[in-house]
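>>> from the sequence below, what's the structure:
(2 chains)
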Amino acid sequence: MMKNKNEKIDELIRETLSAEEAAFYDSLEEKDLFGKLGAVYRGKMGWLSIIMTVVQLLIFVIFVGCLLVFLEADTTEELIKWGAAGFCCLLAMTMLKLFIWMQMDKNDLLQEIKKLELILAAHMEQTKG
Amino acid sequence: MLRIELFHEKFVSLMNLPMKNSKTIFDGMLVLGFQNGDSKALAILVKRYQSDFCRYACWYTHDIEMARDVVQDSWGVIIAKLGTLRNPDSFRSWAMRIITRKAQDQLRSTGRIRTLKKQYQPIYEDGSDEDDLKAEYIRQLHEAIQKLNFDQQLVLRLFYTQEYSLKEISTILDISVGTVKSRLFHAREKLKLNLKL
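The predicted structure is shown next:
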């Protein structure tokens, strides 16, 4: 019953759209993980994401350096020092990655909210007219 | 059905949002799509609004060539600024504001004084008496509207034929809601007077 209703509203929404617009509406659901990831880089905050990725790569290089020195170290003091530095690099990389994931999540949520709004509005218009 | 409607009205009043229709919400989806780097979204937006904008610019400038330039320039600005549009649902009125400004600039730069020409003469066909009477009313109404000043005609047009809300009109024309209301009021009063209703 509920499913039926949802389909009906979906149909209702599609009726008011042109073929191209309907294709766009459908394409929103079909985006795969890489499509979504690409959207983060192409979008409004894309420049920030690109900078963050570059910084992340730099940190990775530093991390590899730290690791190499860590493995070569002779004294305990050096081990601790380079170990801690490497650990900090890992942390920083994690944080920067999180930003990208959150951005993806935000895009998804915004889209779903808009869709809900659309469904609500279509419902209202149907009950009114 | 009723429950959802009630909920929606309550929700809208709570959030103090203007009533949105599915058209503006779909615009919002397209704008979001564009902001997320979907190039198809922009093409659809242009298709959706090109004729509307042209018609409006044409009416505003009374010159097809100029209207074309205005709309072309406006799209340039719209595309450049669309990425930073904060409220995606407000696309329509936001874009209309850009067109209004561009049209004003164009008119000012060419130094033309806007003349209120009659754009078109409605054609009345012979019909029954009732149709004649109705046509006569419409003709009188047209004449009465032509007698109004430009600002009043503009507000009437946006409010009645394009069905913008008061708030949207205030955004488009860059005036306060109160001014929109008073212009509408005066336009209506003048129409009443001229039509002797």
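>>> in three-state terms, label the residue in chain B that chain A sits nearest to for me.
As assessed by CB to the nearest CB, chain A sits closest to B:G37 within chain B, at 2.6 Å. Where C-beta positions appear, they are placed from N, C-alpha and C, glycine not excepted. When classified by DSSP: H, G, I helix; E, B strand; the rest coil, B:G37 comes out as coil.
>>> run a quick neighbour tally on the residue lying closest to it once chain neighbours are set aside.
Among residues not flanking B:G37 along the chain, A:R42 sits closest, at 2.6 Å (CB to CB, 6 or more residues apart in numbering or on different chains). Other residues lying near A:R42 total 15 when counted by other CB atoms under 10 Å in any protein chain shown.
>>> tell me the phi and psi of A:A73?
Backbone torsions for A:A73, taken as degrees, to the nearest 10, come to phi -60, psi 150.
>>> wait, it touches A:L79, no?
Yes: between A:A73 and A:L79 there is a contact at 4.8 Å, judged by CB atoms under 8 Å.
>>> please identify the helix or strand for the residue most central in space within chain A.
Centrality entry for chain A: nearest residue to the mean C-alpha point is A:M104, 1.4 Å, by CA atoms, centre = their mean. A:M104 belongs to helix A:76-128 when assigned by DSSP states H and E.
>>> centre of the chain to that helix, how far?
6 Å (CA atoms, centre = their mean, to the nearest Å).
>>> now do it: which elements does it pack against?
The helices and strands touching helix A:76-128, judged by 3 or more CB pairs under 8 Å, 6 or more residues apart in numbering or on different chains; DSSP states H and E, are helix A:2-15, helix A:33-42, helix A:46-72, helix B:2-15, helix B:22-35.
>>> any idea which of those is most buried?
helix B:22-35 (a mean of 23; mean count of other CB atoms under 10 Å in any protein chain shown).
>>> any idea how far A:I100 is from A:L37?
Noted for A:I100: a distance of 8 Å to A:L37, by CB to CB, to the nearest Å.
>>> and the pLDDT at residue 29?
This is for chain A. Looking at A:E29, its pLDDT is 74.
>>> please go with chain B instead
Listed pLDDT for B:M29 reads 88.
>>> how close does it sit to B:G178?
From B:M29 over to B:G178 the distance is 32 Å, taken as CB to CB.
>>> then B:I138?
For B:I138 relative to B:G178 (CB to CB), the value is 31 Å.
>>> what does B:A135 give?
In terms of CB to CB, B:A135 sits 37 Å off from B:G178.
>>> which of the two has more neighbours?
B:A135 (16 against 10).
>>> what helix or strand is the more buried one located in?
According to DSSP H and E, B:A135 maps onto helix B:129-147.
>>> pLDDT on that helix, on average?
pLDDT averaged over helix B:129-147 gives 78.
>>> who does the next helix or strand after that helix touch, helix- and strand-wise?
Going down the chain from helix B:129-147, the next helix or strand is helix B:150-156, by DSSP H and E. Under the contact definition 3+ CB pairs under 8 Å, 6+ apart, helix B:150-156 sits against helix B:129-147, helix B:166-173, helix B:177-195.
>>> dump those helices into a markdown table; add distance to chain A as well.
Putting the helices and strands packed on helix B:150-156 into a markdown table (distance: least, CB to the nearest CB, whole Å) gives the following:
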| stretch | distance to chain A |
| --- | --- |
| helix B:129-147 | 25 |
| helix B:166-173 | 16 |
| helix B:177-195 | 23 |
